[in-house]
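Asker: my questions are about this predicted structure, shown below with the sequence.
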Amino acid sequence: MASLTREQMLDMYRSMCLTRALEERLERLFKQGHIVGGLYRSLGQEATAVGSAYALEPEDWLAPSIRDMGALLVRGLAPVDMFRQYTARRDAPTGGKDNTNHFTIPELGILGPVSPLGTQLAVLNGVALSFRIRGESRVCMTYQGEGATRTGTSHEGLNFAAVQRLPMVVVLEHNRWAFSTRSDREAAVGAWTDVAGAYGLPVRQVDGNDVLEVYDAAREAVDRARRGEGASLIVAETYRMLGHAQHDPQPYVDPAELEAWRERDPIDRFGRYVIENGLATEEGLAAMRGELESEVAAAADEAVAGPRPDPEEARTRAYAAEPADGGVPWTRRAVVGYADAPAGVAPARPSGSGTPGESSGGSGTAVRQGDAAVTDGKQRGGGA
């Protein structure tokens, strides 16, 4: 087990409790009509998100799925910003244009998820590849349910990450359900760890409701990726305690099965561990939860009181305000001079074109600015 300080363990407990309190408040806002659209809770899966994200360093990148609120909070996302996002406020990360977690925040190393399941791995592979090409000691982590791993883009992404030995950690959240389809109807495998063999990926199966076991596996995989040894797969065994989204009462789930998993609640389990090991008292943990309830309530009230975006802003933030290179990258311009160039001599590129990654005001500068911001970004986690 990787070593963690008392403060880090209590911070893990706090992050899981904050996740649940925040999502419970979101459910209340949904029922009050403040949220229009889907609400996908992570009840019962908090340990998987928190424990894995805690193994990352501030300069690393993470792409969550729909049930990884805890990972976003570990990366430093403020609860008020999440409430603004879900209630589509003007000062939300997406300016009110989306009301789930489809946002990218470079300074926190967060890449927004992609709605077609399995696709975000292929996108994050590009980030990981850039780290490897630039010789940077940085790691990417992303999440997939077992249903998402059955998509074509997921197969391509896993294969590419393995073949290219990318600094990538993929967390497979085996929560038993893909909407209303049981996991044993999704793949003919004895265990979900079996899928790793098709790609030549090292894999580790963990109890996804044990935050310390998840952290230990994630830390091992992250360290391996940082050493340049390639991608890894972690299979977290957990359970989706609610329906696919808020509108789904999950009548297809056996109540006895739900009750059995309720007894394995990750927050209750870790709370008992903390108390039994003398890291905190029951009264101290209760006080912490009370403080979080007050913090979440204040954040929700602040967000709901905030302004909605003006109708005129509907077309803003869709394209760059000032496109680099006059709106046309050098790779798509007509090449000047080839017809007149002497044999064996390549003509110069158009003036001001630069090369990929140069600081000419194009994408290379944006990446470097993001890198600097990520380095200075806040994260409560980190490794011991």
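Answerer: Thanks, I have the structure now. Residues are numbered from 1 along each chain as shown.

Asker: where does the stretch 201-350 of the chain dip in pLDDT?
Answerer: Across the stretch 201-350 of the chain, the ranges flagged by pLDDT under 70 are 320-350.

Asker: any idea how far H247 is from I35?
Answerer: As judged by C-beta to C-beta, to the nearest Å, H247 and I35 stand 12 Å apart. Backbone N, C-alpha and C define where each C-beta goes, glycine included.

Asker: neighbour count winner among the two?
Answerer: I35 (21 against 9; other C-beta atoms under 10 Å).

Asker: just checking, that one touches R25?
Answerer: No: I35 sits out of contact with R25 when judged by C-beta atoms under 8 Å, with a separation of 10.7 Å.

Asker: strands of this structure, start to end?
Answerer: 61-63, 140-145, 168-174, 177-178, 181-182, 203-207, 232-237 (DSSP state E).

Asker: what about the helices in the stretch 251-384 of the chain?
Answerer: 255-262, 266-276, 282-304, 363-376 (DSSP state H, counting those that start in this stretch).

Asker: tell me the angle the longest one makes with helix 266-276.
Answerer: What that stands for is helix 282-304. 140 degrees (axes from the mean of the first three to the mean of the last three C-alpha atoms, to 10 degrees).

Asker: hey, C-alpha coordinates of stretch 6-14 in PDB?
Answerer: Taking Å, rounded to 0.1, in the frame of the first residue of the first chain, the C-alpha atoms of stretch 6-14 are listed here in PDB:
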ATOM      1  CA  ARG A   6      -3.300  11.400   8.000                       C
ATOM      2  CA  GLU A   7      -4.100  14.700   6.300                       C
ATOM      3  CA  GLN A   8      -4.300  13.100   2.900                       C
ATOM      4  CA  MET A   9      -6.600  10.300   4.100                       C
ATOM      5  CA  LEU A  10      -8.900  12.800   5.800                       C
ATOM      6  CA  ASP A  11      -8.900  14.800   2.600                       C
ATOM      7  CA  MET A  12      -9.900  11.700   0.700                       C
ATOM      8  CA  TYR A  13     -12.800  11.200   3.100                       C
ATOM      9  CA  ARG A  14     -13.800  14.800   2.700                       C
END
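
Asker: what residues of it count as buried?
Answerer: The neighbour-count check on stretch 6-14 (16 or more other C-beta atoms under 10 Å) flags 8-14 as buried.

Asker: one more: stretch 21-39?
Answerer: 21-23, 25-27, 29-30, 34-35, 39.

Asker: and those as a markdown table, adding pLDDT?
Answerer: What follows is these, written out as a markdown table (pLDDT from 0 to 100):
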| residue | pLDDT |
| --- | --- |
| A21 | 97 |
| L22 | 97 |
| E23 | 97 |
| R25 | 97 |
| L26 | 96 |
| E27 | 95 |
| L29 | 96 |
| F30 | 94 |
| H34 | 94 |
| I35 | 91 |
| L39 | 89 |
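
Asker: what about the residues you listed, which are in helices?
Answerer: Judged by DSSP state H, helices contain the following of those: 21-23, 25-27, 29-30.

Asker: circling back to that earlier point, so for L121, which of the helices of the stretch 251-384 of the chain sits nearest?
Answerer: Counting by C-beta to C-beta, L121 lies closest to helix 363-376 out of the helices of the stretch 251-384 of the chain; the figure is 20.0 Å.

Asker: just to revisit the earlier point, as a markdown table, the strands of the chain with mean neighbour count and distance to E156 would be great.
Answerer: Putting the strands of the chain into a markdown table (neighbours: other C-beta atoms under 10 Å; distance: least, C-beta to C-beta, whole Å) gives the following:
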| stretch | mean neighbour count | distance to E156 |
| --- | --- | --- |
| strand 61-63 | 25 | 16 |
| strand 140-145 | 27 | 13 |
| strand 168-174 | 28 | 13 |
| strand 177-178 | 20 | 19 |
| strand 181-182 | 14 | 22 |
| strand 203-207 | 19 | 18 |
| strand 232-237 | 25 | 15 |
